[in-house]
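Student: Build me a structure from this.
(one chain, ligands or ions: 1)
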Amino acid sequence: MALAFSSIVAPRFLPMRLPRVCLALSGDSAEDMLAIAESMARDNPFIEFRLDYLKQPLAALPNIHRFLETHQYVTAIVTCRRADNGGKFKGSLASQLDVLAKAHAAGCQILDLEIQSALKAKPEAVARLRSRAGLIVSFHDFHATRKLDETLEKMLKIPADFYKVVTTATTLSDNASMMKFLQTQSDKHALIGLCMGEQGIISRVLGVRAGSVFTFGAVSADLKTAAGQVSARDLRSIYRIEQVDAATRIYGVAGDPIEHSLSPVIMNTALRRENVNGVYLPLHAKTLKDLIHCVREIPLHGLSITMPYKQAILPYLDNTDAHTAKIGACNTVVRGQEGKLYGFNTDIAGVLRPLEQRLSIENAKVLVLGAGGAARAAVFGLKERGAEVWILNRTAVKDQKFARQAKARTIKRADLRKIAFDIIVNATPVGMGNTRDCPLKDQEIQARVVFDMVYDPVETHLLQVARAKGIAVIPGVEMFVQQAARQFEIWTGKPAPAGDMLRAVTIALQDRAAAQKQQKS
Ligand code: NAP
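Tutor: Residues are numbered from 1 along each chain as shown. Coordinates of the predicted model:
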């Protein structure tokens, strides 16, 4: 298809400095793609058009041309990656080069050509593309992160303006390799580097400070063009990628799985609110060895530790606080200046702070349901404050041993009505995930305060029954916020903005519930 405008369009030049985030735009049709571009251009003045996602890439060019004419501030990359090379374009090499040349005529300033096509094409054809626009030669490894320097060496044989090296992180440490590569090579060449996959988030957020000219952001969580891509909005608003610099301290939550963790929302809210130059990332650690390697290499300044590593992390720590030693579990790690790792347990603060805001704990009669890690934090914390504590656990042997350690008592379910409890704490997962399950029968729920550690849903059945009886309730989100607030204080030495953190997590939980409802309907 001949483009009538190709000869009359004035070339659009590349700006001297590119924005840090390029919006990776795909769509089922040119209309869809341009509609998204229209709606997002104001916040995303740097856009990659993935023409290989379209059945007829050339047919989209007049629309792209009109869009760029009316959005002069937009810098556009065009990509039409061939299916053989990990893209979706099924046409020949010649037609791929034709699409790129015509996309430049339509106003796109940067053309992305994958290394396989660049090597197959005649050097004059590649040079012709480059004479018209900025040329990215790109490399993708969809399986691993390996041989980065060798790969770049091969790529450098093709003269280009940018070299894009995209690999797949199968460990957290792969990010460290990518960042080291960027740090050593980016002063010699204009590089774009990142790791794909859920474990690649470190490189997606921190690659720009290691030397990547920019990185890619998705339109939304549902509209990604690569595995592990973070939305452009989250890169800016949650991870504050525009502000990340050499002094930015890196924190994270490490666990397996980690995808649904709300900790990044809450902690990044706190860091932003308190003007701390820090960023907090979700770290999917498949092994602790990998995590610890990353802590040292990136380096990471602080970690929240979650399932299944709260006990397993202990041998890796140089020292711990008294709470960690007592409970036998650590949920917070600080990396000291000399590289030593110190462990803390902030679940105790998570239990005590919400209770102390409501009543005096000294001499209070407390029933704790459960004998796992969370129950241990509750019981030891409550005992420290002078409460009388009874433990009720599904497996009786466990609660007896635990009660002896904590100088608490056990109680049989049949005896619950014999004691007038001030506080009931649910430290079991019963009620999690929008069920109607409840750890106690309605008539067993008698106290001044009922505290449910379960935080999703925010209002569990246990809390609904308690509230209906006029009992004060504490939802698990308050514990979640307060244990995080204490972590924030340990890491930064500043008081945590607990109110803002609570608001952020409540909104995130509401959004999640709404999305789940929509999925079901
Ligand atoms: P854990 O170490 O696995 O312990 C779970 C405890 O719950 C055990 O005592 C277990 O009894 C009991 N339990 C499990 N399923 C049960 C059932 N169907 N009926 C009765 N008892 C049952 O877990 P954890 O780390 O202590 O966490 C417990 C809960 O607290 C989880 O829901 C977790 O999400 C929540 N939590 C919340 C926060 C927060 O910030 N809000 C923080 C930490 C934990 P057995 O000994 O008989 O197996």
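Student: hey, which helix is longest across the protein?
Tutor: When every helix of the chain is counted residue by residue (DSSP state H), the longest turns out to be helix 498-520.
Student: Report all helices and strands that that helix contacts.
Tutor: The elements that helix 498-520 packs onto, with contact taken as 3 or more Cβ pairs under 8 Å, 6 or more residues apart in numbering; DSSP states H and E, are helix 263-273, helix 476-492. Just so you know, the C-beta spots here come from the backbone N, C-alpha and C atoms, and that holds for glycine as well.
Student: Nearest to Arg81 among the ones you listed would be which one?
Tutor: Arg81 sits nearest to helix 263-273 of all the helices and strands packed on helix 498-520, at 30.5 Å, using Cβ to Cβ.
Student: picking that back up, near the ligand, anything from the longest helix of the chain?
Tutor: No: contact between helix 498-520 and the ligand is absent, the nearest approach being 9.9 Å (criterion: Cβ under 6 Å from any ligand atom).
Student: which parts of stretch 445-463 are buried?
Tutor: 445-447, 449-458, 460-463 (16 or more other Cβ atoms under 10 Å).
Student: Contacts only, for Ala349.
Tutor: Neighbour list for Ala349: Gly381, Gln482, Gln483, Ala485, Arg486 [criterion: Cβ atoms under 8 Å, 6 or more residues apart in numbering].
Student: repeat that for 6 Å
Tutor: For Ala349, the contacting residues are Gln482, Arg486, by Cβ atoms under 6 Å, 6 or more residues apart in numbering.
Student: Give me the phi and psi angles of it.
Tutor: Dihedral angles phi and psi of Ala349 (degrees, to the nearest 10) take the values phi -60, psi -40.
Student: try Leu18
Tutor: Torsion angles at Leu18 (phi, psi; degrees, to the nearest 10) stand at phi -90, psi 150.
Student: Please name the residues that touch it.
Tutor: Phe214.
Student: Export the helices and strands packed on helix 498-520 as a markdown table, with columns for mean neighbour count, distance to the ligand and mean pLDDT.
Tutor: Rendered in a markdown table, the data for the helices and strands packed on helix 498-520 read as follows (neighbours: other Cβ atoms under 10 Å; distance: least, Cβ to the nearest ligand atom, whole Å; pLDDT from 0 to 100):
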| stretch | mean neighbour count | distance to the ligand | mean pLDDT |
| --- | --- | --- | --- |
| helix 263-273 | 23 | 10 | 97 |
| helix 476-492 | 24 | 4 | 98 |
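Student: coming back round to it: okay, and which of the buried residues of stretch 445-463 map to strands?
Tutor: For these, the ones inside strands are Val449, Val450, Phe451, Asp452, with DSSP state E as the criterion.
Student: Right, and the ligand sits closest to which residue of the stretch 251-400 of the chain?
Tutor: Minimum separation of the stretch 251-400 of the chain from the ligand (Cβ to the nearest ligand atom) falls at Gly372, amounting to 1.9 Å.
Student: Look up the closest residue to that residue, ignoring the ones flanking it.
Tutor: Ala427 (6.7 Å; Cβ to Cβ, 6 or more residues apart in numbering).
Student: For burial, what's the neighbour tally of that neighbour?
Tutor: For Ala427, the neighbour count with other Cβ atoms under 10 Å is 27.
Student: Look up phi and psi at it.
Tutor: When read as degrees, to the nearest 10, the backbone of Ala427 gives phi -110, psi 30.
Student: From the ligand, how far out is it?
Tutor: Plainly put, Ala427 is 5 Å away from the ligand if you go by Cβ to the nearest ligand atom, to the nearest Å.
Student: Settle this for me: that residue is touching Gly370, isn't it.
Tutor: Yes: between Ala427 and Gly370 there is a contact at 3.7 Å, judged by Cβ atoms under 6 Å.
Student: show me where pLDDT drops low in the protein?
Tutor: Scanning the chain with the threshold set as pLDDT under 70 gives 1-12.
Student: Show me it divided up by domain.
Tutor: Following automatic domain parsing, the chain resolves into domains at 2-246, 251-345, 348-474.
Student: which residue of the protein sits farthest from its center?
Tutor: Taking Cα atoms, centre = their mean, the residue of the chain most remote from its mean C-alpha position is Lys418, at 47.3 Å.
Student: Might you quantify the distance of stretch 438-453 from its chain's geometric centre?
Tutor: Using Cα atoms, centre = their mean, to the nearest Å, the distance from the centre of stretch 438-453 to the centre of the chain it belongs to is 34 Å.
Student: Need the residues that contact that stretch.
Tutor: Residues outside stretch 438-453 that contact it (Cβ under 6 Å, 6+ apart): 358, 369, 374, 416, 421-428, 430, 460-463, 465-466, 471-474, 476, 479.
Student: can you check stretch 208-227 too?
Tutor: When contacts are defined by Cβ under 6 Å, 6+ apart, stretch 208-227 is touched by residues 18, 20-24, 26, 36, 50, 179, 182-183, 186, 190, 192-194, 196-197, 204, 207, 229, 231-232, 235, 244.
Student: Can you list the buried residues in it?
Tutor: Under the neighbour-count criterion of 16+ other Cβ under 10 Å, stretch 208-227 has 208-219, 224-226 buried.
Student: Among these, which are located in strands?
Tutor: Restricting those to those inside strands, with DSSP E as the criterion, leaves Thr215, Phe216, Gly217, Ala218.
Student: Dihedrals phi and psi, the residue of the stretch 101-250 of the chain found nearest the ligand?
Tutor: With Cβ to the nearest ligand atom, the shortest gap between the stretch 101-250 of the chain and the ligand falls at Ile238, namely 19.9 Å. In this entry, Ile238 is assigned phi and psi values of phi -90, psi -50 (degrees, to the nearest 10).
Student: Contacts only, for it.
Tutor: Applying Cβ under 6 Å, 6+ apart to Ile238 gives the contacts Asn268.
Student: let's see 7 Å
Tutor: Counting by Cβ atoms under 7 Å, 6 or more residues apart in numbering, Ile238 makes contact with Pro264, Val265, Asn268.
Student: follow-up on the earlier one: and the helices and strands packed on helix 498-520 as a markdown table, adding distance to His293?
Tutor: Below are the helices and strands packed on helix 498-520 laid out as a markdown table (distance: least, Cβ to Cβ, whole Å):
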| stretch | distance to His293 |
| --- | --- |
| helix 263-273 | 21 |
| helix 476-492 | 21 |
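Student: tell me which parts of this structure are close to the ligand?
Tutor: By the criterion of Cβ under 6 Å from any ligand atom, the positions of the chain lying close to the ligand are 347, 350, 370-375, 393-395, 398, 427-430, 432, 453-455, 476, 479-480, 483.
Student: picking up where we left off before, so which of the contacts of Ile238 is the closest to Pro282?
Tutor: Here the nearest of the contacts of Ile238 to Pro282, counting by Cβ to Cβ, is Pro264; it sits at 5.2 Å.
Student: okay but the closest one is in contact with Tyr280, surely?
Tutor: Yes: counting by Cβ atoms under 7 Å, Pro264 sits close enough to Tyr280 to count as a contact (5.5 Å).
Student: partner residues bridging Leu194?
Tutor: Val166 (DSSP bridges).
Student: Any figure for the gap between it and Glu242?
Tutor: As for Leu194, its distance to Glu242 is 17 Å (criterion: Cβ to Cβ, to the nearest Å).
Student: of those two, who's got more company?
Tutor: More crowded of Leu194 and Glu242, by other Cβ under 10 Å: Leu194, with 30 against 12.
Student: now that one: how far from Thr332?
Tutor: Going from Leu194 to Thr332 by Cβ to Cβ gives 29 Å.
Student: what does Pro282 give?
Tutor: 16 Å.
Student: out of these two, which sits in the more crowded spot?
Tutor: Comparing Pro282 with Thr332 by neighbour count (other Cβ under 10 Å), the higher total belongs to Thr332, at 26 against 23.
Student: Contacts only, for that one.
Tutor: Ser304, Ile305, Gly343, Phe344, Asn345, Thr346, Gln487, Ile490.
Student: wait, Val253 sits on Ser261?
Tutor: Yes: the pair formed by Val253 and Ser261 meets the contact definition of Cβ under 7 Å, at 5.3 Å.
Student: any shared contact partners between those two?
Tutor: Among the neighbours of Val253, those also in contact with Ser261 (Cβ under 7 Å, 6+ apart) are Pro282, Thr306.
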